[in-house]
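> quick check, what structure comes out for this input:
(one chain, ligands or ions: 1)
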Amino acid sequence: MIKIGLLGKSLGHSISPLLHANAFNDLNLEHQYKIWDIEESKIASFIQEIKDTEVKGFNITIPYKEAILPFMDEIDPVAMSIGAVNTVHNINGKLFGFNTDILGIQKTFEIAHTSLNNKRVIIIGAGGAAKSIIYYLNSQNIKYLDIFNRTKDRACNLAIDFHKQNAVSCHDFNDVDVIKIVEQGDIIINATPYGMAESQLVEQLPPINAGLPWDQCISKKQLFFDLVYNPQVTPFLEIAMNVGANFIGGLNMLVFQAAKSFEIWNEKKPNERKMFLAAKDALK
Ligand code: NAP
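Numbering: from 1, shown residues only. Presented below is the predicted three-dimensional model:
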């Protein structure tokens, strides 16, 4: 049986197997989606093994999206420019790396009918997901970008990736101007694990409100996007809901990136709506 799967660490609660199993069934493909939860020191031997087997490809998630790059034979220009691969296609032992997160982000904004033109955007987080968002923002004419991160240096390193260098600032969570910045933001994006199920941060909001209740620094004119998809409504999205603001959860992005990976491996488009409904059901 042809195998596809997910490479990463601490993957016990991933819903990727469910998403792909749904699409395999729907398209009558006798494929199996496996989980490869391995230590970083084992990546080289894992790669060697899969090159000689029926593994058609795999996704990569935290924390190996960057570590996998040296093992690729070819890297698609988008993935190369972000410096992160989340999809690998194995063609006769040659490994081709792609990044489908970008498409996930793009389609998420498209279905929300959200124009980023001339908007002030705030990103909380400076990891791989934040990096993908900045790659996408570079294709949009946004007005200003503020990046907040626990580790300020990482936020400032990421700011270098933004193409308008006179329209970007980096901050840690204790920045004195935080309230003003949050009030001025049009779109606020959480790209950290704050609020994520099965983590210590599950009930927590990103702490960039300088100790003020969040509802005193946000308004219904703003849009909130949380990359966390489990739970579907995180504490970050709850505060948006409470002030009557629009919000988007991370599940759309997850489904769109998974569907694009599926298409790369199988040269067939899966039914994204069915995948979305299966995931939504599983996360109830
Ligand atoms: P990552 O590369 O490991 O980066 C993690 C980010 O979260 C960093 O900014 C890190 O800050 C911050 N962080 C982690 N633990 C923290 C803590 N205890 N307190 C404060 N900040 C903390 O991960 P990633 O790939 O960017 O993913 C970030 C989030 O997005 C995850 O929740 C992931 O599930 C989600 N995501 C969703 C999708 C989707 O399809 N919906 C896709 C990708 C990612 P430091 O720099 O200070 O360590």
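
> and stretch 80-95, which residues are buried?
Using 16 or more other Cβ atoms under 10 Å as the test for burial, stretch 80-95 gives 82, 84-90, 95. Yep, even glycine has a C-beta here, placed from its N, CA and C like the rest.

> for the residue lying closest to Ala210 once chain neighbours are set aside, give me the pLDDT.
Ranked by Cβ to Cβ, 6 or more residues apart in numbering and with sequence neighbours excluded, the top spatial neighbour of Ala210 is Val178, at 4.9 Å. At Val178, the pLDDT value in this model is 92.

> same check, this time on the one 4 residues further on
At Val182 the predicted local distance difference test score is 96.

> check contacts around it.
For Val182, the contact set (Cβ atoms under 8 Å, 6 or more residues apart in numbering) comprises 122, 188, 208-209, 217-218.

> Phe247 falls within a strand, correct?
Yes - note on Phe247: a strand contains this position according to DSSP: H, G, I helix; E, B strand; the rest coil.

> number of nearby residues for Glu272?
19 (other Cβ atoms under 10 Å).

> swap in Met196?
Using other Cβ under 10 Å, Met196 is surrounded by 21 other residues.

> from Asn166, how far off is the nearest residue to it once chain neighbours are set aside?
Leaving out its chain neighbours, the residue that sits closest to Met196 by Cβ to Cβ, 6+ apart is Val228, at 4.7 Å. Going from Val228 to Asn166 by Cβ to Cβ, to the nearest Å gives 31 Å.

> those two: who's more crowded?
Val228 (27 against 5).

> ok, the more buried one - contacts?
Going by Cβ under 8 Å, 6+ apart, Val228 touches 190, 193-196, 234, 236, 249-250.

> good, we can wrap up now.
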